[in-house]
Each structure stands twice: as structure tokens, then as C-alpha cells.
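Student: this is the structure alone, sequence omitted:
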Ligand SMILES: *Cc1c(COP(=O)(O)O)cnc(C)c1O
């Protein structure tokens, strides 16, 4: 049990629900509906699986990388979340939570987004299922992620620009919470394993389809279980989903890769475990980047999906209990690993996922180790960043 959430919403010392009293109603309504009508309800789960299959394209392949395996001297597989509809794992959770919103009788969904991947997933599912959709996004992120803003608008979402604070993801979350307090008729669809209980648990449950499939696919290939599972971590949802069914199986080593930005010795990184300390962020006790007065520090990473100053409470606990190993990769290491995957396997990864790939250069494997890396998303959104840096590296 020690890696899973307890009845009060804690993962060891982390998690819980530190929220203004005005949100108690929304949160209690969510806990009750999720527990009573969704989590173990056969019809709910059946509908969720059906949409994943027919709309998202699950199960995603577990792809054996021949050349990678030769170079890194292990059997290396990629879990292809990049092949999901809308291009990342975010849609798994967006679908699950939109079905909860339906159960709650809500007509209206709000969400925050940083890079825009979660915003696009939510706007997509709102179009499919007839919800009114408002996406809060920092003013700076709107400028940096124009294509995703256009995608959200085409899908019918209203994109609200947030100009408080650093004008990025953390501020968009604050604005969403503020809006939610004043609009009980809306459902707040959180995009990662963060926020007050029960969100980290709900998001993890919906993403756990990833490890469920990995286990089956590894068995189909004739192995007992993987020796390693490697994922990048921002808020922690693709890692939580990839680890979930292996948490109690100690023969599977779990590796989480944080974004080290320009380096962990600089202030420009997003490595909340490596460089952070314990504190409360967005309703949850966790590890976060803060100064000595408890002011949240801005996070930085070249990958927009990883530059969040906190991490989900489940991961803070996996770190403290030493169940998962946390390593980190710089912008440059991620770019080099992305380029390598393009050349060797013909896959353009999201910059976030490239952080997970760079773990291959940091771990020494035994010859027959089975290594599964979650490729959380595809790189279409990052083409301009890749172009800029690959020109600089003179490989284009
Ligand atoms: C959002 C995102 C991430 C980071 O979020 P997690 O909740 O940590 O998974 C990683 N990869 C991609 C492609 C993303 O869009």
C-alpha cells in the first residue's frame, strides 16, 4: 500500500487537499461521484475503454528498437503514446475525466494548459462530447505555442489569456482555480497527477492503461516483466501511468527523468525533486522549486510540457521511499537524444519524451535487460525548436 494513495488522499507524507473552504463542495462532489459511479462501475469503465479503442487508437504499440538495442546493449522498447489521437498521452486522462463530468451533469469544462497539449486534448474531447470549453493559458505561453492556440480555437474552445505572475502555467492554474470557485456549474479538468486529492489519483487511474498494456505486451513477446521502465516527469502523469502496475514488483526498476534545463547548478531548470524542497503547491503537499521564504520559483525547460515548478505527490513519495530513481537531463542532452531517435528509428519525439530517451546514456544495462521507455508524445509541436538548434549544431 505504501506507494498508493490512502483514504485521506495522501501518498506517505505527500498529497492531501489544501484548498480554500469554498472548493470543499466541488471536491467532495467529485470524490463521491468518482468512487461511487466511475472507478469500479462496469458501464463507466466499458465506455472509457471503448472510446480509447475507437477514437484514440489504443492499444498503442510497444515497439522494439533494433538499432537502439545494439548501441545500448539491452533490449529496448518504446511505448508509443505519441501515436495517440492528438499526439500524446494527455488524451487518456481528458477522456476519462470528461466522462466524470457527464456523470456529474456538468455542461461546461475548464482547464489550464502550458504547452497547449492538455488544452488541445480537452478541446478535442469537448467537441466530441458537446461540452462548452474554456482553456486558461499564460500570456507568454500563448505567444510561444501559437499552433496549439489555433488548434484549440478551431475545436471550439475559448482560450483565456492569463497575465498575472510569470504569465505561464502556474498562473494559469491559479486562474482556473479562481474561476472554479465562482462557477460551481463547471468541471475543472486537471491535466497531470497534481492538484488536491482526488485529482492525482484520478489522473493516475486513467493513465494506468499505459502500464496495463506494457505488462500484456511484454508477456506477449515472451518475457515475464521489464527490467526498467523509463519516463519523463513534468507533473508526472505519463510516468505514473507507466509505473502503476509495476509499483509492487520490485524486480522492475522505475526511472523518472526530470528536466534539468540549462543545468541543475543554474537556476534555470525544472527539476523539482533534485533541486526542490517540501511545500504546498496547488492544493497538494509535494516537492517544489521555492526560495528560502517559500516563494515558488519559475521553472525552466526547453520542453514546454516539463516546465512546471512542482511534481505530483505520488512521485515525491516514490522518491522518498526510494522506489523510483530520479535522474535529470539538460536541454542539450534531450536535443541530442531526440536527433538520435530521428536518425536511428525514424521517429520524431516530443521534446519532453526526448528527456526520457537521454536516460539511455546515463544507465549501464546488462546485456539482456528489457528496457521500456515511454514515448509520451510526438514532436510536431517542437519542429521550430528542433530546426533552430539543429541548425546551430550544424546538422541541418
Ligand atoms: C504534458 C506532457 C508531458 C509532461 O506531463 P506529465 O504529466 O509529467 O506526463 C510529457 N510529455 C508530453 C508529450 C506532454 O504533452
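Tutor: All right, it came through fine. Predicted model, so just to flag it, every value in this text is computed and none were measured.

Student: dump the residue contacts of residue 245.
Tutor: Counting by C-beta atoms under 8 Å, 6 or more residues apart in numbering, residue 245 makes contact with 208, 211-212, 214-215. C-beta coordinates here come from the backbone N, C-alpha and C atoms, glycine included.

Student: excluding chain neighbours, what is closest to it?
Tutor: residue 211 (3.9 Å; C-beta to C-beta, 6 or more residues apart in numbering).

Student: let's verify the one you found: helix, strand, or coil?
Tutor: helix (DSSP: H, G, I helix; E, B strand; the rest coil).

Student: residues in contact with it?
Tutor: By C-beta under 8 Å, 6+ apart, the contact set of residue 211 is 229, 241-246.

Student: so how far is the ligand from it?
Tutor: 13 Å (C-beta to the nearest ligand atom, to the nearest Å).

Student: what's the residue nearest the centre of the chain sitting at in phi/psi?
Tutor: Per C-alpha atoms, centre = their mean, the C-alpha nearest to the average position across the chain is that of residue 237, at 3.5 Å. Backbone torsions of residue 237, given as degrees, to the nearest 10, read phi -80, psi -40.

Student: and the pLDDT at it?
Tutor: Per-residue pLDDT puts residue 237 at 98.

Student: buried ones among the contacts of residue 245?
Tutor: By neighbour count, with 16 or more other C-beta atoms under 10 Å, the contacts of residue 245 hold 208, 211, 214-215 as buried.

Student: before we move on, the earlier item: got the contacts of residue 211 as CSV, with secondary structure columns?
Tutor: Listed next are those as CSV, based on three-state DSSP:
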residue, secondary structure
229, strand
241, helix
242, helix
243, helix
244, helix
245, helix
246, helix
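
Student: tell me which of those is nearest to the ligand?
Tutor: Checking the contacts of residue 211 against the ligand by C-beta to the nearest ligand atom gives residue 241 as the nearest, at 7.9 Å.

Student: next, count neighbours for the closest residue to the closest one other than its chain neighbours.
Tutor: Among residues not flanking residue 241 along the chain, residue 207 sits closest, at 2.7 Å (C-beta to C-beta, 6+ apart). Residues lying near residue 207 (other C-beta atoms under 10 Å) number 26.

Student: got the residue ranges for the helices in the stretch 51-200 of the chain?
Tutor: Residue ranges of the helices in the stretch 51-200 of the chain, as given by DSSP state H, counting those that start in this stretch, are 66-72, 90-103, 117-129, 139-144, 146-154, 169-182, 199-207.

Student: what's the closest of those helices to residue 258?
Tutor: In terms of C-beta to C-beta, the element of the helices of the stretch 51-200 of the chain nearest to residue 258 is helix 169-182, at 15.7 Å.

Student: does anything pack onto the closest one? Which helices or strands?
Tutor: When contacts are defined as 3 or more C-beta pairs under 8 Å, 6 or more residues apart in numbering; DSSP states H and E, helix 169-182 sits against strand 108-113, strand 132-138, strand 158-162, strand 186-188.

Student: show me this structure divided up by domain.
Tutor: Annotated domains of the chain cover 13-51+90-203, 58-87+208-392 [automatic domain parsing].

Student: out of these, nearest to residue 4?
Tutor: domain 58-87+208-392 (7.1 Å).

Student: follow-up on the earlier one: quick one: closest of the helices of the stretch 51-200 of the chain to the ligand.
Tutor: Across the helices of the stretch 51-200 of the chain, the ligand has its closest neighbour in helix 117-129 (3.5 Å, C-beta to the nearest ligand atom).
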